[in-house]
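> Here's my sequence, what's the structure:
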Amino acid sequence: MAETRKARAMGVNHVALEVGDIEEALAFYGLLFDFKLRGKSDDAAFIDLGDQFLALQSGRKQARDDGRHFGLVVDDKEAVRTALAAAGVNPLPGRFLDFLDPWGNRIEIVGYDNIQFTKAPHVLKGMGLGKLSKSALALRELAEKGMAPA
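Numbering: from 1, shown residues only. The predicted structure is shown next:
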């Protein structure tokens, strides 16, 4: 039998979160992050993350997330920690910077310097971020995969 060609997963285009009211969700996330709104309707909003986006959809009905989460990459992890405190949101216990939004979505905050994915220079420029650096560990991991200079 002939082997069927499989598509290669290349990344994540977007993550969709179910929230309560869209305006309340935009206000909450606006306390934590500087973002550009890609688009909005009565029951959805789309927040630009450079060449990706976060979709907010009204109508969350399930219980809060426990282990299920997604990692949101930021240029300044400590700024998010400060913003969470100012908004009265306590990080979840553990070694990572995780929190629950008002609708029970669990989000882990990850610094760009410590991750393997790299935004292309033109994407960073378009985001108004210029050049961001990577930690030695992240650079080594990328180099081991042939994705960064050795």
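
> Same question for the one helix or strand K125 maps to: list its buried residues.
Assigning secondary structure by DSSP states H and E places K125 in helix 121-126. Residues of helix 121-126 classed as buried by neighbour count (16 or more other CB atoms under 10 Å): L124. The C-beta positions use only the backbone N, C-alpha and C, and glycine is treated the same way.

> same question, stretch 23-32
Residues of stretch 23-32 classed as buried by neighbour count (16+ other CB under 10 Å): 25-26, 28-29, 32.

> right, and the helix or strand after the helix holding K125?
Next in sequence after helix 121-126, counting helices and strands by DSSP H and E, comes helix 136-144.

> Now do that next one, average pLDDT.
Across helix 136-144, pLDDT averages out at 88.

> wait, K134 sits on E141?
No - assessed by CB atoms under 8 Å, K134 is found out of contact with E141, at 9.3 Å.

> So which other helices or strands are in contact with the helix holding K125?
The helices and strands touching helix 121-126, judged by 3 or more CB pairs under 8 Å, 6 or more residues apart in numbering; DSSP states H and E, number zero.

> Other residues contacting that helix?
50-51, 130-132 (CB atoms under 8 Å, 6 or more residues apart in numbering).

> where do the helices sit along this protein?
For the chain, the helices defined by DSSP state H occupy 22-32, 77-86, 121-126, 136-144.

> Same list, these, but as a markdown table with distance to G104 please.
Shown next, in a markdown table, are those (distance: least, CB to CB, whole Å):
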| stretch | distance to G104 |
| --- | --- |
| helix 22-32 | 12 |
| helix 77-86 | 16 |
| helix 121-126 | 31 |
| helix 136-144 | 31 |
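
> Show me the one of the ones you listed that comes nearest G111.
The closest of those to G111 is helix 77-86. By CB to CB, the value is 4.1 Å.

> any idea of the mean pLDDT for that closest one?
97.

> elements contacting it?
Other elements packing on helix 77-86 under the criterion 3+ CB pairs under 8 Å, 6+ apart are helix 22-32, strand 97-100, strand 106-111.

> how about these in a markdown table, adding distance to L72 and mean pLDDT?
Formatted as a markdown table, the helices and strands packed on helix 77-86 follow (distance: least, CB to CB, whole Å; pLDDT from 0 to 100):
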| stretch | distance to L72 | mean pLDDT |
| --- | --- | --- |
| helix 22-32 | 10 | 96 |
| strand 97-100 | 10 | 97 |
| strand 106-111 | 5 | 96 |
